[in-house]
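> What would the 3D arrangement of this be:
(2 chains)
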Amino acid sequence: MDSKLTTELTDLFEGKLSREMRLYLDTCARCGICIDACHVYASMPEIRYSAVARAETIRKLFRRYFRFEGKLFPGLGEVTDFSDEVMEKVNETAFTCTGCRRCMTYCPFGIDTQMIQSIAKALLIGADREPKILSMLADMSIAKKETIEDSKENFELAMKNLEVEVIEKWRQSAPDQAIPVGNKDADILYVALAGKHSIVPAAAIMNAANEKWSLSYFEAVNFGAFVGNPEKTQIIAQRIIEEAVNLGVREVVICECGTAYRVMKYMTGDHPFEVISFVELIDRYLETDRIKIRKSDTPITYHDPCQLARNGGVIEQPRRILRRFTSRFTEMTPHSGDNWCCGGGGGLVAAGDKGFRMSSAKVKADQVKATNTEVLCTACENCHTQLSDLNEHYKVGTKVEFLSGLIADALE
Amino acid sequence: MVNTINYVIMVPMVYLAVAVFVIGVCARMLSIWRAPRHRAPLRLYPVSRAPGLRALWDTFAMPQVRKHDPRFWFWLILYHLAFLVLILGHLDLLPGINLMPADSPHMLGWGAAGVVVTIALFCFLIRRFRPPVRDISTLGDYLLLMLLLFLCLTGDIISWSNSWNQDDGGFVLGKEEFGAYLQSLLGFSFEDPLEILEHSHYVVLVIHVFLANLFLMVFPFTKLTHTFLAAPINRLRRG
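Numbers count the residues shown, from 1 in each chain, chains lettered A, B, ... in the order given. A predicted model of the protein is given here:
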């Protein structure tokens, strides 16, 4: 690796060294408690898939370029230079980690491996080695902002066509405009994903609650966050922030996408509106009797999306909803903040490599199997895709459903 | 020649070690606290009602370790408690501090704290030689553990046998003698401690002080800084 690139990467690294990052990089005692926390290690017990080994790849570079002792005593095995081989390792460490932060619940210090991986992702972008599909998708999201005026008409037409489905399925609660777009009277801006499964049930539920809402022109997913580019993350989020400000809504409701929710709520600064997840909105409607649902006796379990539950705090709401929905709700073991990651987050679903996703999440498939329930419900697009793939791959024999889909179908 | 080396270890090197420790720790803390803050919260959910207290609990009681490796937790807690007793015991040797009576032949902990720390360190070393911890360990991890182990072993020898002289009627070195040595260091008198501590097996004491000096000198540049960083980092997790 030439010295120019090494200098550029060192500068990029330095740019990530916030106070918190320095604490995370300086504190690890290599006690190994975190090893068993990772679903990848639990499914494929190789030390490179442990949180500590992943972080150590980055720490060795930190000590080499930013620590006195790393320069003075390189022979103690705690430093490494930038090289092609090391960058391969950085790539592996970054994109075999879903950023679920389960290891943080094991670590006696609470070291945030996802945060350390943000250095790995920044270095990969700097070395032009990041998964190109993620960068491309992020760029497409940014380009959409620039061409939005040209594409609005087509978008509105597509939504008009979808309205038929909303009205067909939930006729009694559909208003004149079943999927309002650009609604200046809206209290809520609902940000969906590109796909009707993310729009139609949500529209039915909000219409049933007589909500004043508007559908965002933009998709919630933030590929900037997946690829690890903070600038692109902010630009992608900013499209929605500007739209919400222009409409003057009180709340921005993020669809069932854990990363989109966490990015918008916690990682894009203060906003003149509240950010909530669609799960929280359903819970509020049910708690205040704005919607009513039929109770079933279907055996259901719930998968906590990491970014929504452990990293977002939406833990009790889906449980309250499901207990209203079914008399046979079963928890997984472990669950809530301790839940096993599904193995699809961090851009892994979009980046491909289904083989790795399946091998690395066997522990999740086993966990679902052990509940012996008919329906596995979740509230995140990535989790839904990954769990569906696991269901098929490991022949779990369950039905994977979105929480919003279940509730929409049960509307009275 | 040997006397000169002993003197260098027992007097000038102590000053050097303390200086490196203080400057090194301050420099490391400054490098952390002068860095810009991260914008987004880093807490985990569910959140605690008293995040500050929860962070202190995480730091000192290590419930995560207890949950996932109870045996390791047992030794970790014993090790840290006994190490605290050892620090207090050494501070007690300073003139004017009397956690133990001034004429006591025993250090605080009666020598047991050192033995507990030694056994715990031995357990940590064995643990580090076994997979999967072995697979994440570096040469530095082993060297640091060995340094601590030998530091404590020589301390144990001083506690349990070196201070005892049958011919002189029992304990010949106690708080008074060690206190006099520390007093001479604090007073920058540059006296040769051999004159104060001549009854002891002096070489063991010199090795102990040498290892203690090394410990202080490497402290700021190793993971030992978790002593100061564990609480603030745990605070991040609790929000």
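> If the closest residue in space to A:W213 that isn't next to it in sequence is in a bridge, with which residues?
Excluding the flanking residues, the one nearest A:W213 by Cβ to Cβ, 6 or more residues apart in numbering or on different chains is A:I188, at 4.2 Å. The C-beta positions use only the backbone N, C-alpha and C, and glycine is treated the same way. Beta-bridge partners for A:I188, by DSSP bridges, are A:W213, A:E251.
> tell me the SS of the residue of chain B found nearest chain A?
Closest contact between chain B and chain A, by Cβ to the nearest Cβ, is at B:R237 (3.1 Å). Taking DSSP: H, G, I helix; E, B strand; the rest coil as the rule, one finds B:R237 in the helix state.
> so the one residue in the stretch 201-350 of chain A that gets nearest to chain B, which of the three states?
Per Cβ to the nearest Cβ, A:G313 is where the stretch 201-350 of chain A lies closest to chain B, at 3.9 Å. Secondary structure, three-state DSSP: A:G313 is coil.
> Leaving out chain neighbours, which residue sits closest to it?
Excluding the flanking residues, the one nearest A:G313 by Cβ to Cβ, 6+ apart is B:Y45, at 3.9 Å.
> can you check A:L215 too?
Excluding the flanking residues, the one nearest A:L215 by Cβ to Cβ, 6+ apart is A:V181, at 5.0 Å.
> Counting neighbours, what do you get for that neighbour?
Residue neighbour count, defined by other Cβ atoms under 10 Å in any protein chain shown, stands at 16 for A:V181.
> check contacts around it.
By Cβ atoms under 8 Å, 6 or more residues apart in numbering or on different chains, the residues touching A:V181 are A:155-156, A:159, A:214-215, A:217.
> quick one: the residue of the stretch 201-350 of chain A closest to chain B and B:V47 touch, right?
Yes - judged on Cβ atoms under 8 Å, A:G313 makes contact with B:V47 at a distance of 6.9 Å.
> These two: who's more crowded?
It is A:G313, of A:G313 and B:V47, that has more neighbours when counted by other Cβ under 10 Å, with 22 against 15.
> Please report how far the more buried one lies from B:S189.
61 Å (Cβ to Cβ, to the nearest Å).
> Next: B:F74.
44 Å.
> Next: A:L12.
Between A:L12 and B:S189 the computed distance is 53 Å (Cβ to Cβ).
> Just want to know which of the two has more residues nearby.
Of the pair A:L12 and B:S189, A:L12 is the one with more neighbours under other Cβ under 10 Å, namely 16 against 10.
> residue boundaries of the strands in the chain?
Assuming you mean chain A. A:188-191, A:213-215, A:251-254, A:274-277, A:300-303, A:329-330, A:375-378, A:399-402 (DSSP state E).
> wrong one, chain B
Taking DSSP E as the criterion, chain B carries its strands at B:164-165, B:170-171.
> Pull the contacting residues for A:S360.
By Cβ under 8 Å, 6+ apart, the contact list for A:S360 reads A:39-40, A:43-44, A:49, A:96, A:343.
> go on, A:L5?
A:82, A:126-127.
> Quick check: ChimeraX command selecting the buried ones in those.
Applying 16 or more other Cβ atoms under 10 Å in any protein chain shown to those, the buried members can be selected in ChimeraX as follows:
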select /A:82,126,127
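> Now distance to chain B and pLDDT too, for the contacts of A:L5, in CSV please.
Below are the contacts of A:L5 laid out as CSV (distance: Cβ to the nearest Cβ, whole Å; pLDDT from 0 to 100):
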residue, distance to chain B, pLDDT
A:F82, 19, 95
A:G126, 19, 95
A:A127, 23, 95
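> Inside helices: which ones of the contacts of A:L5?
A:G126 (DSSP state H).
> ok, the contacts of A:L5 vs B:F124, which is closest?
Using Cβ to Cβ, A:F82 comes nearest to B:F124 of those, at 32.8 Å.
> contacting residues around A:A122?
By Cβ under 8 Å, 6+ apart, the neighbours of A:A122 are A:12-13, A:15-16, A:228-229.
> just curious, which of these is nearest to A:T259?
Distances from A:T259 to those, taken by Cβ to Cβ, are shortest for A:G228, at 11.8 Å.
> Could you give the number of residues near the nearest residue to the closest one once chain neighbours are set aside?
In space, A:G228 comes closest to A:K121 once its chain neighbours are excluded; the distance is 2.4 Å by Cβ to Cβ, 6+ apart. A count of nearby residues for A:K121, using other Cβ under 10 Å, gives 28.
> quick one on the thing from earlier: is it possible to get JSON lines of the strands of chain A that adds mean pLDDT and mean neighbour count?
Listed next are those as JSON lines, based on pLDDT from 0 to 100; neighbours: other Cβ atoms under 10 Å in any protein chain shown:
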{"stretch": "strand A:188-191", "mean pLDDT": "98", "mean neighbour count": "26"}
{"stretch": "strand A:213-215", "mean pLDDT": "96", "mean neighbour count": "24"}
{"stretch": "strand A:251-254", "mean pLDDT": "98", "mean neighbour count": "26"}
{"stretch": "strand A:274-277", "mean pLDDT": "98", "mean neighbour count": "21"}
{"stretch": "strand A:300-303", "mean pLDDT": "98", "mean neighbour count": "25"}
{"stretch": "strand A:329-330", "mean pLDDT": "96", "mean neighbour count": "18"}
{"stretch": "strand A:375-378", "mean pLDDT": "98", "mean neighbour count": "24"}
{"stretch": "strand A:399-402", "mean pLDDT": "98", "mean neighbour count": "19"}
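> Helices of chain B, start to end?
B:2-10, B:12-33, B:51-61, B:63-68, B:70-91, B:112-128, B:133-136, B:139-157, B:175-186, B:202-218, B:226-238.
> quick one: which of these is nearest A:N372?
Of all the helices of chain B, helix B:63-68 comes closest under Cβ to Cβ, at 26.2 Å.
> Outside of the closest one itself, list whatever touches it.
Around helix B:63-68, the neighbours that count as contacts under Cβ under 8 Å, 6+ apart are A:31, A:33, A:36, A:105-108, B:57-58, B:72-73, B:76.
> mind running it again at 7 Å?
The contact list for helix B:63-68, computed with Cβ atoms under 7 Å, 6 or more residues apart in numbering or on different chains, reads A:33, A:36, A:105-108, B:57, B:72-73, B:76.
> Now render those as a markdown table, adding distance to A:D304.
A markdown table is the format used below for the contacts of helix B:63-68 (distance: Cβ to Cβ, whole Å):
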| residue | distance to A:D304 |
| --- | --- |
| A:I33 | 22 |
| A:D36 | 19 |
| A:T105 | 12 |
| A:Y106 | 17 |
| A:C107 | 19 |
| A:P108 | 23 |
| B:W57 | 24 |
| B:F72 | 28 |
| B:W73 | 26 |
| B:L76 | 30 |
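> coming back round to it: output the strands of chain A as CSV; include the columns distance to B:R28.
Formatted as CSV, the strands of chain A follow (distance: least, Cβ to Cβ, whole Å):
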stretch, distance to B:R28
strand A:188-191, 43
strand A:213-215, 51
strand A:251-254, 40
strand A:274-277, 37
strand A:300-303, 42
strand A:329-330, 49
strand A:375-378, 43
strand A:399-402, 48
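> Minimum distance to B:L173: which of these has it?
Per Cβ to Cβ, nearest to B:L173 of the strands of chain A: strand A:300-303, 64.9 Å.
> Who are the packing partners of the closest one?
Contact here means 3 or more Cβ pairs under 7 Å, 6 or more residues apart in numbering or on different chains; DSSP states H and E; on that basis strand A:300-303 packs against helix A:316-325, strand A:375-378.
> Quick check: neighbours of it in the sheet, parallel or antiparallel?
strand A:329-330 (parallel), strand A:375-378 (parallel).
> Kindly format the C-alpha coordinates of it as PDB.
Presented in PDB, the C-alpha positions along strand A:300-303 are these (Å, rounded to 0.1, in the frame of the first residue of the first chain):
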ATOM      1  CA  ILE A 300     -47.000 -16.000  18.000                       C
ATOM      2  CA  THR A 301     -43.500 -15.100  19.000                       C
ATOM      3  CA  TYR A 302     -41.800 -11.800  18.400                       C
ATOM      4  CA  HIS A 303     -38.300 -11.100  17.200                       C
END
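> Tell me if I'm right that the residue nearest to A:G313 and A:I315 touch.
Yes - the pair B:Y45 / A:I315 is scored as a contact, 6.2 Å apart, by Cβ atoms under 7 Å.
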